[in-house]
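Student: What shape does this take:
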Amino acid sequence: MKVVVLAWQYPPARCGGTELATRKLATHLVRRGHEVIVVTTRDGRLPARTVEEGIVVHRVRSLAPRVVKYWWYCVNVAVLVRQLRPDVVHAQALYAGLPALICRIGFGRPYMVVGQGSDVYSPRRLGGWLSRLVVRNADSVVALTDHMKRAMVRMCSREIAVIPNGVDPQEFARLDKNHCRCKLGIEFGAKVVVFVGSLVPVKGVAYLLDAMHYVVALNPEVSLLIAGDGPEEKGLRELAREYRVADNVRFCGRVPHDVVSHYLSAGDVFVLPSLSEGLPNVVLEAMAVGSPVVCTDVNGIRDLVRDGANGLLAEPRSSQQLANCILRVLDSVALADGLSRAASETVRGYQWGQVAARVEVEYLQMLETIRARSSAKARRRGIKTT
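Tutor: Below you'll find the predicted structure:
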């Protein structure tokens, strides 16, 4: 079938969790024989149209201010959808659902909307009433987790499927730790904590730096690798100096996604101290390479991590608990190995091929429901006219 995927941002302009998940899903849908067209915004000098791994990508030129840019995107989506006449419009986030709704009203194109995280938990970014409108009128609604589903049901009481993000087992296979450390310039015997993600407030990196203050006080040899960039970087560097851990913290900047596995494999423990999450791909990626994970007990993460079984959980904003969890993993080889083995079992159920297959089933069920509804209406009209 022909599928148009609506994504506000898309790699390589931005490579956050949602953007990378969009590309992976689109790639696997193509592998399953579908024609996939992504419509996204255009930043930098990227061309207006490209073909990437079998995916046709249309990039709409950016405008300022942001609200004008958003409505310009909606208009361009409508024009393209009218020309392309897809079987399904797939809105990858609630704020991508408005142009999908416009296409449904204007051209009768059915749409699926998939909640991602902040669009569900902070719906005012789009407008609470508009979010409800998008969810209420969608032909299919998908949440990444059970927790997200409950939040979306409160937004609009209706049937919602749960389909998580995934991980590519070939891209995130176990790598030799010493080889990865050699490539990254890390001593073989060092104790290394790793964070991978955007440096924005919701990721809670400030609490991780505070936790490192406690960790380093007990073990001065522990170091922290921060792979990622963002608006908080300058403030976080200052915070590291304030906590007197600057010599133990290495800011690596933005890391290409194809080498993220090297950073995850080089560490002794991966830490995600987020204050809120949808379904963090990076946790799945860390689990896939065999890294023990320490995370905060927040929505999205608790759907993946079972405390003491396949990872450790700390209360959000609790630097002391975060430090205690990190030290437990670093101090116990048996605990680290047990968490790693259990994590490897967990990710077997979260592979992108499986995820794409479930999305395909949702498409087919959605279209079958629409056809059945249309047939029923036609039969009723026939009865009335006889």
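Student: Find the residue ranges of the stretch 1-150 of the chain scoring beneath the pLDDT cut-off.
Tutor: The model of the stretch 1-150 of the chain has pLDDT under 70 over residues 123-127.
Student: one more time with 90, if that's ok
Tutor: 12-17, 42-46, 61-69, 117-131 (pLDDT under 90).
Student: which helices and strands does the one helix or strand Arg132 maps to pack with?
Tutor: Here Arg132, judged by DSSP states H and E, is contained in helix 128-137. The contact analysis (3 or more C-beta pairs under 8 Å, 6 or more residues apart in numbering; DSSP states H and E) places helix 128-137 against helix 97-107, helix 146-155. The C-beta positions use only the backbone N, C-alpha and C, and glycine is treated the same way.
Student: Phe188: which of those helices is closest?
Tutor: The closest of the helices and strands packed on helix 128-137 to Phe188 is helix 146-155. By C-beta to C-beta, the value is 40.0 Å.
Student: List of residues touching the closest one?
Tutor: 115, 117, 120-121, 123, 128, 131-132, 135, 141, 143, 160, 162, 278-279, 299-300, 302-303 (C-beta atoms under 8 Å, 6 or more residues apart in numbering).
Student: again, 6 Å this time
Tutor: Gly115, Val120, Arg132, Val135, Ala143, Ile160, Val162, Asn299 (C-beta atoms under 6 Å, 6 or more residues apart in numbering).
Student: That one vs helix 128-137, what angle?
Tutor: Going by axes from the mean of the first three to the mean of the last three C-alpha atoms, to 10 degrees, helix 146-155 is angled at 100 degrees with respect to helix 128-137.
Student: Just the C-alphas of helix 146-155, formatted as CSV.
Tutor: Written as CSV, here are the backbone C-alpha positions of helix 146-155 (Å, rounded to 0.1, in the frame of the first residue of the first chain):
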residue,chain,number,x,y,z
ASP,A,146,0.3,1.4,28.3
HIS,A,147,0.9,4.5,30.4
MET,A,148,0.7,6.7,27.3
LYS,A,149,-2.5,4.9,26.2
ARG,A,150,-4.1,5.8,29.5
ALA,A,151,-3.1,9.4,29.1
MET,A,152,-4.6,9.5,25.6
VAL,A,153,-7.8,7.8,26.7
ARG,A,154,-8.2,10.7,29.3
MET,A,155,-7.8,13.0,26.3
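Student: coming back round to it: mind listing what's buried along the helix holding Arg132?
Tutor: Leu130, Ser131, Arg132, Leu133, Val134, Val135, Asn137 (16 or more other C-beta atoms under 10 Å).
Student: next one: that helix to chain centre, how far?
Tutor: 21 Å (C-alpha atoms, centre = their mean, to the nearest Å).
Student: Buried ones only from the contacts of helix 146-155, please, as a ChimeraX command.
Tutor: If you want just the buried ones from these in ChimeraX, going by 16+ other C-beta under 10 Å, the selection is:
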select :115,120,132,135,143,160,299
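Student: Now, the contacts of helix 146-155 that are in strands?
Tutor: Cross-referencing the contacts of helix 146-155 against strands under DSSP state E gives Ala143, Val162.
Student: Dump the contacts of helix 146-155 to CSV, plus distance to Trp72.
Tutor: Formatted as CSV, the contacts of helix 146-155 follow (distance: C-beta to C-beta, whole Å):
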residue, distance to Trp72
Gly115, 24
Val120, 25
Arg132, 24
Val135, 24
Ala143, 29
Ile160, 30
Val162, 33
Asn299, 33
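Student: Could you single out the nearest of the contacts of helix 146-155 to Ile226?
Tutor: Nearest member of these to Ile226, counting by C-beta to C-beta, is Asn299, at 23.6 Å.
Student: now that closest one: how far from Ser276?
Tutor: 6 Å (C-beta to C-beta, to the nearest Å).
Student: tally of neighbours for Val361?
Tutor: 12 (other C-beta atoms under 10 Å).
Student: what does Thr50 give?
Tutor: 12.
Student: just Ser344 next, same as before
Tutor: 15.
Student: same check, this time on the one 5 residues further on
Tutor: Burial of Gly349 is recorded as 10 neighbouring residues (other C-beta under 10 Å).
Student: Kindly indicate whether it is helix, strand or coil.
Tutor: State at Gly349, reduced to three classes by DSSP: H, G, I helix; E, B strand; the rest coil: coil.
Student: Would you list the phi and psi of it?
Tutor: phi -90, psi 10 (degrees, to the nearest 10).
Student: that older thread, pick the one among the contacts of helix 146-155 closest to Val57.
Tutor: Using C-beta to C-beta, Gly115 is the member of the contacts of helix 146-155 that lies nearest Val57, at 22.8 Å.
Student: check contacts around that closest one.
Tutor: Ala143, Met148, Met152.
Student: what's the spacing between it and Gly17?
Tutor: In terms of C-beta to C-beta, Gly115 sits 13 Å off from Gly17.
Student: Redo the contacts of Gly115 as CSV? Include distance to Pro169.
Tutor: Output for these, formatted as CSV (distance: C-beta to C-beta, whole Å):
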residue, distance to Pro169
Ala143, 24
Met148, 24
Met152, 29
